[in-house]
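Q: I'll drop the sequence and a predicted model, then ask my questions.
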Amino acid sequence: MRIYLGAAPGVGKTYAMLGEGHRRSERGTDVVVGFVETHGRARTAELVTGLEVVERQTIEYRGVRFTEMDVDAILRRRPAVVLVDELAHTNIPGARNAKRWQDVEELLAAGLDVISTLNVQHLESINDVVERITGVRQRETVPDDEVRRADQIELVDMSPEALRKRMAHGNIYGPDKIDVALSHYFRVGNLTALRELALLWVADRVDAGLARYRDEHGITETWETRERVVVGLTGGAEGDTLIRRAARVAARLGSGDLVGVHVAGGDALTAGSAAALARQRELVESLGGSYHQVVGDDVPTALLDFARSVNATQIVLGTSRRPAWQYVLEPGVGRTVTDRSGDIDVHMVTHERTGKAGGLRWAGTGLRALSRRRRVAGWILAVLGPAGLALSLTRIPAHIGLASDLLMFLALTVLVAMVGGLWPAVVAAVAGSLLVNWFFTPPRHTLTIAEPANTLALAISVVTAVAVSTVVHLAAQHRREAGRAQAEAGALSLLATNVLRGEHTLPALLEQVRATFGLTSVALLERDDAGGWRCAASAGPEPRARPEESDTRVPVSDDLLLALRGRVLPASDRRVLSAFAHQAAAALERQRLADEAGRARRLAESDKIRTALLAAVSHDLRNPLASIKASVSSLRQADVDWDPADEAELLAAIEESADRLDGLIANLLDMTRLQTGTVAALTRPVGLDEIVPAALAGIPGDRVKVDVPESLPMVDVDPGLLERAVANVVQNAVRYSAAPVLVTASAARFGAVRPGREGEWPDRIELRVVDHGPGVPGDGKEQIFAPFRRLGDASRARDARETAAEGGVGLGLAVARGFTEAVGGTLTAEDTPAGGLTLVFSLPMAGTGR
């Protein structure tokens, strides 16, 4: 599949698609046009010539004939490539599928290649963003996943100025729409924002493709295709300073990304507070960045692995809070990251806490989890230290005594234990005792000990050195375990925080697992009815579809497990992973329960409506049927000779009752369509001066005054649905109000004017139906639009209006609002200033890029 993506109508998507079709046809590929909409553009229509066009299917809907793409005909024809325009199009009822992108799915599943077009405003994920920018909500959308599945997405780009020039030349819309479009949807600001959205969306897809390529080919070095700034956070007081500095660095880089990361390692005593980390997370997110927490005993390695996994180009760290003497044991995180960063730039930021670590922090520094460098240093010190100390003591002219010698070697053994752990310290203790025996215990330069007291002293010295080394080693081990427990607690705390904040959807949860443990992908697999496995949800590229393909498996139950790809996780991570896995299972269950609750809620609403409908029909159908029955029975009496006037009166009663019955049944059917969601709006530009007269047909002319200027811009609606809605509202007003009803229309901004845009073309068209009856109380204005409110409704005014409108069922205004919302408008009620009720239709103006 190939998609030509554009920022707005008229940039040349269809033209590019047809051009590609001609190029492939010239190369001998079997290409057909499945559906192309030229919009009356001559140059686009010319490109269709020379390509085989599959005849469209004709569908009749509400008395009007429409054409749609014939999927069956294309499948019978089986070309190699199909050109399908307007991927977001909604098919009319009666077509094979509800949406055109579903038609495309069928073609792809049948093995056909598809080339299609799409505007960025029709992407589901940015629908709300487009509405805030343009003031227009797009009703036709395509799920982002459907678009991302395309093998190729090509951006058809054009500057706002060039696009407006094309519009002014009449190359996009007809002359009657140019001024409206240029003044509204095709403003420079709107087009610039839409163009940026399109560029960013395509850039994100390219970035994801690059990440997938790097992962597939095992590429770990940084490719500086996009600036991404990672700031390392410890929960210390300097965190806010680092975040703001990193945000400034990202801002100076243009469109740089800000990423905050905390490494939950094995150093329990040096870990920052959870409250500080939570505050720093909020600060990162408020600056437009993202926050991550990863687990790793070796902080520099974990930090660099994370930075490379997100393709970071810069790392921002704070200068160390440790005293200078501690660098004798190890260089520190900042120095290690700088030495091993490779192509990633590292910024070391000074702050007021530099070199001012508290006692608790630095006191335990020597006991942290031992790195390979420290173990090597410990062995070197264990081998060379005793020899160097013995050589130094032999150079002293006056011997200081055996007790002092033993204490000095004991101090060296403790130092070796602090640097390298238990076994280097044991070697240092044994070596030290042998050297003391050789150089300082009579007789010297032999391993023989003359005095028993010296033998006991040497033995106690060795035992003491080993005991102290063991204590130091156990303390470091306990510290590592405590640090690991704190890291696990931090990860679980982050999980609980996300749940409390509502971030408990399956994709978000699995993405958190992937980031926390530095994985490539995570998949939640569920056993299907056939005994195989299916992916219920996933995060990351190329998730595993079967357990045996994964690097690590975490069972949740007999039918659920987490399949992890990227690296084999140690057993120490399984406890936290198990918590994440069970939370993922709970999220899956919540999702399904929510779906079931939604279905149950809809079923309950349908049952409620069905109950009210039966009660209403049993009462309200009886009156017109009884009237018809009585009139017909009277006319059929053979013993009565009716004069022409009486006969005409009875026939008029039959006709009036039949009309009431017809209106009642029509509203019942319309309400059923609205409740079941089967109303499909087929919008097109149309003038209100065409719709209003049709809606007023059958209403006495002296009961309605119409003020709809012909110069008013057209609206983008379904004429049939809007006509029914207006007819219901006007009939309601006419039959209830003794005075003539006023129907007026005007342009209005509908509250959508944004700062700095006053005086521009309005966003909406308002149609008002004004009556001068008793009106409806303030708290009842919204209730009058609910179906069947007459049953048990306390509002007598509402009863009167609905009874007059369609016989008492209480559907007229509910149907009117449903149809109005189906065409993208709104219907609200407000008081008439001189008394009465005014119902206001707010309708989308044509030329809004829909």
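A: Arrived safely.

Q: what about the helices in the stretch 1-150 of the chain?
A: For the stretch 1-150 of the chain, the helices defined by DSSP state H, counting those that start in this stretch cover 13-26, 42-48, 71-77, 100-109, 127-134, 144-148.

Q: phi, psi for Leu625 please.
A: Backbone torsions for Leu625, taken as degrees, to the nearest 10, come to phi -70, psi -40.

Q: make sure it is actually in contact with Leu661.
A: Yes: counting by C-beta atoms under 8 Å, Leu625 touches Leu661, with 7.0 Å between them. Using the backbone N, CA and C atoms, a C-beta is placed for each residue, glycine as well.

Q: who's more crowded, the two?
A: Between Leu625 and Leu661, counted using other C-beta atoms under 10 Å, the more crowded position is Leu661 (18 against 13).

Q: wait, a strand at that one?
A: No: assignment of Leu661 by DSSP: H, G, I helix; E, B strand; the rest coil gives helix, placing it outside any strand.

Q: and the pLDDT for it?
A: Leu661 carries a pLDDT value of 77.

Q: near the nearest residue to it once chain neighbours are set aside, how many other residues are there?
A: Nearest residue to Leu661 in three dimensions, chain neighbours excluded: Pro624, at 4.4 Å (C-beta to C-beta, 6 or more residues apart in numbering). The burial count assigned to Pro624 is 21, neighbours taken as other C-beta under 10 Å.

Q: ok, Pro624 to Ala658 distance?
A: 7 Å (C-beta to C-beta, to the nearest Å).

Q: now Asp297
A: Asp297 is 85 Å from Ala658, where distance means C-beta to C-beta.

Q: check Val333 too.
A: In terms of C-beta to C-beta, Val333 sits 87 Å off from Ala658.

Q: neighbour count: these two, which is higher?
A: Remark: of Val333 and Ala658, Val333 carries more neighbours, 20 against 14, as counted by other C-beta under 10 Å.

Q: tell me the contacts of that one?
A: Under the criterion of C-beta atoms under 8 Å, 6 or more residues apart in numbering, the neighbours of Val333 are Gly232, Val299, Pro300, Leu303, Leu317, Ser320.

Q: again, but for Asp113
A: Residues in contact with Asp113 (C-beta under 8 Å, 6+ apart) are Met1, Arg2, Ala80, Val81, Val82.

Q: reformat these as a markdown table; add pLDDT and neighbour count.
A: As requested, the contacts of Asp113 are exported to a markdown table (pLDDT from 0 to 100; neighbours: other C-beta atoms under 10 Å):
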| residue | pLDDT | neighbour count |
| --- | --- | --- |
| Met1 | 95 | 20 |
| Arg2 | 95 | 16 |
| Ala80 | 95 | 14 |
| Val81 | 96 | 18 |
| Val82 | 97 | 29 |
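
Q: so which of these are in strands?
A: Among the contacts of Asp113, the members found in strands (DSSP state E) are Arg2, Val81, Val82.

Q: out of those residues, the closest to Gly566 would be?
A: Using C-beta to C-beta, Arg2 is the member of the ones in strands among the contacts of Asp113 that lies nearest Gly566, at 31.2 Å.

Q: how about the nearest residue to the closest one, chain neighbours excluded?
A: Sequence neighbours aside, Gln152 is the residue nearest to Arg2 in space, at 4.3 Å (criterion: C-beta to C-beta, 6+ apart).

Q: tell me how far the one you found lies from Asp113.
A: Taken as C-beta to C-beta, the span from Gln152 to Asp113 is 10 Å.

Q: joint contacts of these two?
A: Each of Met1, Arg2 lies in contact with both Gln152 and Asp113 under the rule C-beta under 8 Å, 6+ apart.

Q: where does the stretch 701-850 of the chain dip in pLDDT?
A: By pLDDT under 70, the low-scoring segments of the stretch 701-850 of the chain are 748-763, 787-811, 847-850.

Q: in it, which spans are helices?
A: Ranges of helices within the stretch 701-850 of the chain are 719-736, 796-806, 812-822, based on DSSP H, counting those that start in this stretch.

Q: rebuild these as a markdown table, extending it with mean neighbour count.
A: Formatted as a markdown table, the helices of the stretch 701-850 of the chain follow (neighbours: other C-beta atoms under 10 Å):
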| stretch | mean neighbour count |
| --- | --- |
| helix 719-736 | 24 |
| helix 796-806 | 20 |
| helix 812-822 | 25 |
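
Q: of all the ones you listed, which one comes closest to Ser550?
A: Closest to Ser550 of the helices of the stretch 701-850 of the chain is helix 812-822 (C-beta to C-beta; 46.9 Å).

Q: just the angle for the closest one relative to helix 719-736, thanks.
A: Using axes from the mean of the first three to the mean of the last three C-alpha atoms, to 10 degrees, the direction of helix 812-822 lies 150 degrees away from that of helix 719-736.

Q: what about Leu562, neighbour count?
A: Leu562 sits with 24 neighbouring residues when counted by other C-beta under 10 Å.

Q: in three-state terms, how would it be classified?
A: strand.

Q: that one touches Phe580, doesn't it?
A: Yes: using C-beta under 8 Å, Leu562 is in contact with Phe580, at 7.4 Å.

Q: intersection of neighbour lists for those two?
A: Common contacts of Leu562 and Phe580, defined by C-beta under 8 Å, 6+ apart, comprise Val513, Val554.

Q: flag the shaky bits of the stretch 251-400 of the chain, pLDDT-wise.
A: 254-255, 265-273, 321-331, 352-371, 397-399.

Q: tell me where it has helices.
A: Using DSSP H, counting those that start in this stretch, helices in the stretch 251-400 of the chain cover 274-286, 299-309, 333-340, 359-363, 372-394.

Q: and the angle from whatever helix or strand comes next after the longest one to helix 372-394?
A: Past helix 372-394, heading to the C-terminal end, the next element that is a helix or strand (DSSP states H and E) is helix 402-420. Relative orientation of helix 402-420 versus helix 372-394 (the same axes, to 10 degrees): 160 degrees.

Q: please shift the residue numbers so they start at 11 in all later answers.
A: Happy to do that; since the first residue is 11 now, the last one works out to helix 412-430.

Q: what residues does the closest residue to Asp82 other than its chain neighbours make contact with?
A: Leaving aside its chain neighbours, Asp82 sits nearest to Arg106 (7.2 Å; criterion: C-beta to C-beta, 6+ apart). Going by C-beta under 8 Å, 6+ apart, Arg106 touches Val81, Asp82, Asp113, Glu116.

Q: tell me the one of the residues you listed nearest Asp651?
A: Using C-beta to C-beta, Asp82 comes nearest to Asp651 of the contacts of Arg106, at 63.8 Å.

Q: report pLDDT for the closest one.
A: Here, the pLDDT recorded for Asp82 equals 93.

Q: what's the answer for Thr688, then?
A: So Thr688 comes in at 59 (pLDDT).

Q: which residue, other than its chain neighbours, is closest to Gly270?
A: Counting by C-beta to C-beta, 6+ apart, Gly270 lies nearest to Val294, which is 3.8 Å off, once chain neighbours are set aside.
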